[in-house]
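Asks: This is the structure alone, sequence omitted:
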């Protein structure tokens, strides 16, 4: 079950990284919380359809010759003044580069979170908390200037490729992607070069 925990005003002075560590330590079961738009999100445990589909998409990228495909790492987005804006663990991603010494230094300084500018393409597969991926995460990836956001919306049975991120002002919650390509699950989802057209049939099984 998904838990969405709003930040209390007293917590606003605490670095969200330390806040997530506190949530992990307090939990009786293993969790990997994220921080998006001032809220801590504890994603629900994914089912096989979610995991198998995410792995399948990752394999399609690798089969197309893209070697910097990954899953599982966490990424930090920062405000212009350096404060933590978001802490995200995408379901899959394609990175711009292998981790450099500078990237590893950043990860150590931020207690396990890599800089989000390493990411060229990010992907999410919705679970029961589908509103998180279609709203706050979409806006946050756009605000962080991630070029492409691939979203598998199992709730709506659609697949999306968002591109051309825009933040019209200083407020990251106003960010959006100017371009969207959409397909029904079971149909191919075309991506811009050099990425492959994605086969989405693995997600045709029941959501839950």
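Replies: Received, thanks. Keep in mind it's a predicted model, so treat the numbers as computed, not measured.
Asks: What residues does residue 151 make contact with?
Replies: 123, 124, 126, 133, 134, 138, 159, 160, 161, 162 (Cβ atoms under 8 Å, 6 or more residues apart in numbering). All C-beta spots, glycine's among them, are computed from the backbone N, C-alpha and C.
Asks: Farthest pair within the residues you listed?
Replies: With Cβ to Cβ as the measure, no two of the contacts of residue 151 lie farther apart than 126 and 161, at 15.0 Å.
Asks: Taking the centroid of the chain, which residue is nearest it?
Replies: residue 90 (3.3 Å; Cα atoms, centre = their mean).
Asks: how much space is there between it and residue 151?
Replies: 11 Å (Cβ to Cβ, to the nearest Å).
Asks: Quickly run through the sheet partners of the helix or strand that contains residue 40, with directions.
Replies: Assigned by DSSP states H and E, residue 40 belongs to strand 39-42. Partners of strand 39-42 in the sheet, by DSSP bridges, are strand 3-6 (antiparallel), strand 34-36 (antiparallel).
Asks: any idea which of these scores lowest on pLDDT?
Replies: Mean pLDDT is lowest for strand 3-6 among the strands paired with strand 39-42, at a mean of 42.
Asks: residue ranges for the helices of this protein, please.
Replies: All helices of the chain, identified by DSSP state H, fall at 16-26, 48-63, 101-109, 130-134, 136-143.
Asks: Would you reformat those as CSV and include mean pLDDT, distance to residue 38 and mean neighbour count?
Replies: Formatted as CSV, those follow (pLDDT from 0 to 100; distance: least, Cβ to Cβ, whole Å; neighbours: other Cβ atoms under 10 Å):
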stretch, mean pLDDT, distance to residue 38, mean neighbour count
helix 16-26, 94, 9, 15
helix 48-63, 90, 26, 17
helix 101-109, 98, 22, 12
helix 130-134, 91, 13, 19
helix 136-143, 98, 9, 23
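Asks: can you list the ones you listed in TSV and add distance to residue 70?
Replies: Conversion of those to TSV gives the following (distance: least, Cβ to Cβ, whole Å):
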stretch	distance to residue 70
helix 16-26	20
helix 48-63	8
helix 101-109	13
helix 130-134	18
helix 136-143	16
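Asks: Just give the number of residues close to residue 135.
Replies: For residue 135, the count of nearby residues is 13 (other Cβ atoms under 10 Å).
Asks: Repeat that for residue 181.
Replies: Residue 181 - counted by other Cβ under 10 Å - has 14 other residues nearby.
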